[in-house]
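> sequence and predicted structure are below.
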Amino acid sequence: MADLGLYRMYLEHARVEERIRYQQQCRFMREQELAFEMPDSEFVKHFRLNKNVCFELTSEIEPYLAGSRGGISPISKVLSTLSFYASGSYQRCIGASAHVSMHQASVSNCIREVTLALNHDHFRQKYIRFPRTRGDRRVIKQGFYQKFGMPGVLGCIDGTHIAIVKPTQYEHRYFNRKRYHSINAQIVCDSEYNILSVDAGHGGGDHDAFVWNNHALKAHLEQLNQTQNETVWFLGDSGYPLRPTVMTPINIEPDTPQRHYTDLHCRVRNTVERTIGILKSRWRCLLVDRKLHYHPVTAGLIINAVVVLHNSIT
């Protein structure tokens, strides 16, 4: 009799769990329907992707997610993460919103899972592609030349500070000259605002030139110039040292060839500033007044993830 009673309790417990899972699945389906019932413009405003791209992204990212927790569907995970990236709002506010209703802890798990998935080699190699062949590099150089009339430009480079909360370790490495804690993310872009390379592994205390001098692309460009006899360079601001592989502006008198070069240089290099502006205006979690409340390593992964998304829709 005791065994029969335990068996009945087990069945009742299983029925309760199954009913809870079913209710959760129904709730998430209603929330998804509510989100996708938005007008297209409103949907893009909330999630920065249109509905078709959002479905395609979810389908592509699903195999790389850690697995369902509490009945949360892949589309709900993607929507909650996109909402955070796009708004930079606290997770509690996102969880309480009408189109992504879930507990704060669930939102945190969703952001972590989707961010890790977007940092998988599959997405990094597909969407953040530095030109590997001479033909690919020729296409980028032609893009700059046709748009601005400047030869040999393989990319424009700059660093941008992404605010983070004060780290508990190595705090001084992240305290920048503007007197807040940040990651100094190095960005290289082409003439069409695609990001060719991102390095989000340095604290705000590191100067742009230091980040560049310790980056693998520096040696790669030098090799192209020296051993493969290929004329290529990046354009950087005066924070970078003038080198054969990095061209910087020259302070010179008006009406001289050097001044013409500097004026042209500044017009072309403005491409990277516009690229960073587009990135931050689209994914507002990167704005200085939002501040990423994460460990620096996790903040760097978020920066990589939004660059993947930026390139997927640029």
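In hand now; what should we look at?
> rest of the way, CA atoms for contacts and neighbours
Noted.
> other SSEs contacting the helix or strand containing A86?
Following DSSP states H and E, one finds A86 within helix 74-87. Counting contacts by 3 or more CA pairs under 8 Å, 6 or more residues apart in numbering; DSSP states H and E, helix 74-87 is packed against helix 2-36, helix 40-47, helix 51-61, helix 91-95, helix 104-118.
> where among those helices is average confidence lowest?
When the helices and strands packed on helix 74-87 are ranked by mean pLDDT, helix 91-95 comes last with a mean of 47.
> may I have the helix holding A86 exported as CSV, CA atoms only?
Provided in CSV are the C-alpha atoms of helix 74-87 (Å, rounded to 0.1, in the frame of the first residue of the first chain):
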residue,chain,number,x,y,z
PRO,A,74,14.8,30.1,-28.9
ILE,A,75,12.8,33.0,-30.4
SER,A,76,12.0,34.3,-26.9
LYS,A,77,15.7,34.1,-26.0
VAL,A,78,16.7,36.0,-29.1
LEU,A,79,14.0,38.7,-28.7
SER,A,80,14.9,39.3,-25.0
THR,A,81,18.6,39.6,-25.9
LEU,A,82,17.9,41.9,-28.9
SER,A,83,15.8,44.1,-26.7
PHE,A,84,18.6,44.5,-24.2
TYR,A,85,21.2,45.1,-27.0
ALA,A,86,18.9,47.7,-28.6
SER,A,87,17.9,49.6,-25.5
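> now it: average pLDDT?
Across helix 74-87, pLDDT averages out at 92.
> now that helix: buried residues?
Within helix 74-87, the residues scored as buried using 16 or more other CA atoms under 10 Å are 74-87.
> ok, now stretch 123-139?
Judged by neighbour count (16+ other CA under 10 Å), stretch 123-139 contains these buried residues: F123, R124, Y127, I128, F130, R137.
> does the fourth one touch L196 like I think?
Yes: between I128 and L196 there is a contact at 5.5 Å, judged by CA atoms under 8 Å.
> that older thread, from the buried residues of stretch 123-139, pick the one nearest S238.
F130 (23.6 Å; CA to CA).
> of all the buried residues of stretch 123-139, which two lie farthest apart?
Across the buried residues of stretch 123-139 (CA to CA), the longest gap, 21.1 Å, separates F123 and R137.
> count of neighbours near E230?
Neighbours of E230 under the rule other CA atoms under 10 Å: 15.
> where does the stretch 101-250 of the chain dip in pLDDT?
101-103 (pLDDT under 70).
> ranges for the strands of it?
Here the stretch 101-250 of the chain has its strands, by DSSP state E, counting those that start in this stretch, at 153-163, 182-189, 195-199, 233-235, 246-247.
> of all those strands, which one is nearest S281?
Across the strands of the stretch 101-250 of the chain, S281 has its closest neighbour in strand 153-163 (12.8 Å, CA to CA).
> neighbouring strands - and their directions - for the closest one?
Sheet pairing of strand 153-163 (DSSP bridges) gives strand 182-189 (antiparallel), strand 233-235 (parallel).
> could those strands be laid out in CSV, adding distance to H260?
Converted to CSV, these look like this (distance: least, CA to CA, whole Å):
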stretch, distance to H260
strand 182-189, 23
strand 233-235, 15
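> for M150, which of those is the nearest?
Of those, nearest to M150 by CA to CA is strand 233-235, at 10.7 Å.
> mind listing residues that contact the closest one?
Under the contact criterion CA atoms under 8 Å, 6 or more residues apart in numbering, strand 233-235 has outside partners 152-157, 221, 244-248, 265, 268-269.
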